[in-house]
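In: Fold the stuff below for me.
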Amino acid sequence: MQRIHLNKVAAVAFLALAMVLSSCSRGGAGRALSSIGDNVDHIADPAPNNPDKPSDEKPSDGTDDNSNGYQRIALSWETSSKPERAKWSEYLHNIILNKWNTLLQGADDMDIFCPRFDSLNNDQRANVWAALFSAVSKFESSYNPAMRFHESTMGTDSVTKQPVYSEGLLQLSYQDVRGYPFCEFDWEVDRKLKPTDSRKTIFDPYKNLDCGVGIMTRQLARSGLITVKTNAYWSTLKSGGKYNRITQIASIVKKLPFCQK
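Out: This is a model prediction of the structure:
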């Protein structure tokens with residue numbers, strides 16, 4: 001009897017020791033991974049998973065999108081005759097607030113678009129950025145998600161092996177997936193469709209917006225500027241460029257009540 005009792009005690013002690021050692025091992029591994037991550041200067045694709053597209057069952061009235069009272073101001077592309085555009089706005093606000101939220105830190109030239117940006121809260125700052133992207137799309141594509149423009153000076157698209165076309169709301173290209181792997185344009189699917197087919201992934205307003213916002217986020221990480229003189233992705237935001245529409249874009253953003261002095 002005594003031997004059996006001791007064996008039970010030893011078994012219990014062994015199990016307890018194993019659990020402690022297992023816990024320590026997991027904790028140590030976690031700390032090691034954290035240390036490695038802290039020392040990484042650049043991750044090829046740091047973007048988190050895409051937020052869900054707005055549900056058709058959830059109405060968007062441009063005022064109160066979240067239970068916390070978040071106030072979304074209607075964007076320049078929204079009209080009563082194009083109700084789907086309110087969904088674009090909802091999605092755009094979502095990715096700015098959650099996926100690409102480093103934009104909320106602002107830019108060195110943000111005062112061009114919203115002089116009071118530094119004094120705003122994050123909800124207001126998200127409204128500023130959303131207004132800016134909407135305004136850019138006005139001059140890039142006239143709010144047309146199926147707009148195509150042949151870039152005659154850009155040669156051949158490295159993905160399609162065809163002449164480069166800028167497409168969609170923010171006028172992006174298939175080859176963007178090479179430099180910006182978070183862009184979800186699928187040429188293997190789209191090549192089977194006609195160039196003007198609205199089902200193309202690059203024409204998807206949600207994919208197009210997400211890619212464009214990500215590209216701007218990367219630009220700010222490099223230069224800290226929205227308007228740049230060299231290596232500008234959008235000619236409408238190229239400072240001093242022939243096709244820049246900086247003044248017009250800024251005038252749209254400045255209409256936000258909290259941007260006015």
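In: For F133, what are phi and psi?
Out: phi -70, psi -40 (degrees, to the nearest 10).
In: Could you report the separation of it from I95?
Out: Distance, F133 to I95, by Cβ to Cβ, to the nearest Å: 10 Å. Backbone N, C-alpha and C define where each C-beta goes, glycine included.
In: Spit out the contact partners of F133.
Out: By Cβ atoms under 8 Å, 6 or more residues apart in numbering, the contact set of F133 is L92, L170, L209, G212, V213, M216.
In: Equivalent analysis for C211, please.
Out: Applying Cβ under 8 Å, 6+ apart, the residues contacting C211 are L170, L172, D176, Y180, F182, C183, E184, F185.
In: PyMOL command for the buried members of those?
Out: For the buried members of the contacts of C211, the matching PyMOL selection, counting by 16 or more other Cβ atoms under 10 Å, is:
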select buried, resi 170+172+176+180+182+183+185
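In: Looking at the contacts of C211, which one is closest to I202?
Out: Ranked by distance to I202 (Cβ to Cβ), the contacts of C211 are led by F185 at 4.5 Å.
In: What about the contacts of F133, which are in helices?
Out: Of these, the ones assigned to helices by DSSP state H are L92, L209, G212, V213, M216.
In: does A146 really touch G168, like I thought?
Out: Yes. Counting by Cβ atoms under 8 Å, A146 does reach G168; the two are 7.5 Å apart.
In: can you list residues touching both of these two?
Out: Here A146 and G168 share the contacting residues F203, scored by Cβ under 8 Å, 6+ apart.
In: Of the two, which one has the most company?
Out: Applying other Cβ atoms under 10 Å to A146 and G168 shows that G168 carries more neighbours, namely 28 against 17.
In: Relative to K238, how far out is the more buried one?
Out: 19 Å.
In: With D176 instead?
Out: 17 Å.
In: hmm, back to that, most neighbours, which of the ones in helices among the contacts of F133?
Out: Ranked by neighbour count (other Cβ under 10 Å), the ones in helices among the contacts of F133 have L92 at the top, with 28 neighbours.
In: For the stretch 51-200 of the chain, just list every one of the strands.
Out: Using DSSP state E, counting those that start in this stretch, the strands of the stretch 51-200 of the chain run over 148-150, 165-167.
In: possible to save these as TSV with distance to A74?
Out: What follows is those, written out as TSV (distance: least, Cβ to Cβ, whole Å):
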stretch	distance to A74
strand 148-150	27
strand 165-167	26
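In: Can you tell me which of those is most buried?
Out: Of the strands of the stretch 51-200 of the chain, the one with the most neighbours on average (mean count of other Cβ atoms under 10 Å) is strand 165-167, at a mean of 21.
In: so how far is it off the chain centroid?
Out: 19 Å (Cα atoms, centre = their mean, to the nearest Å).
In: So which other helices or strands are in contact with that strand?
Out: The elements that strand 165-167 packs onto, with contact taken as 3 or more Cβ pairs under 8 Å, 6 or more residues apart in numbering; DSSP states H and E, are strand 148-150.
In: average pLDDT across the strand it packs on?
Out: Rounded to a whole number, the mean pLDDT of strand 148-150 is 98.
In: domains in this structure, as residue ranges please.
Out: In the domain annotation for the chain, the residue ranges read 1-41, 84-259 (automatic domain parsing).
In: Pick out the shakiest of these, pLDDT-wise.
Out: Mean pLDDT, when computed for each of those, is lowest for domain 1-41, at a mean of 36.
In: Quickly note the distance from the residue lying closest to M110 once chain neighbours are set aside to S137.
Out: Leaving aside its chain neighbours, M110 sits nearest to F117 (4.6 Å; criterion: Cβ to Cβ, 6 or more residues apart in numbering). The gap separating F117 from S137 is 20 Å, by Cβ to Cβ.
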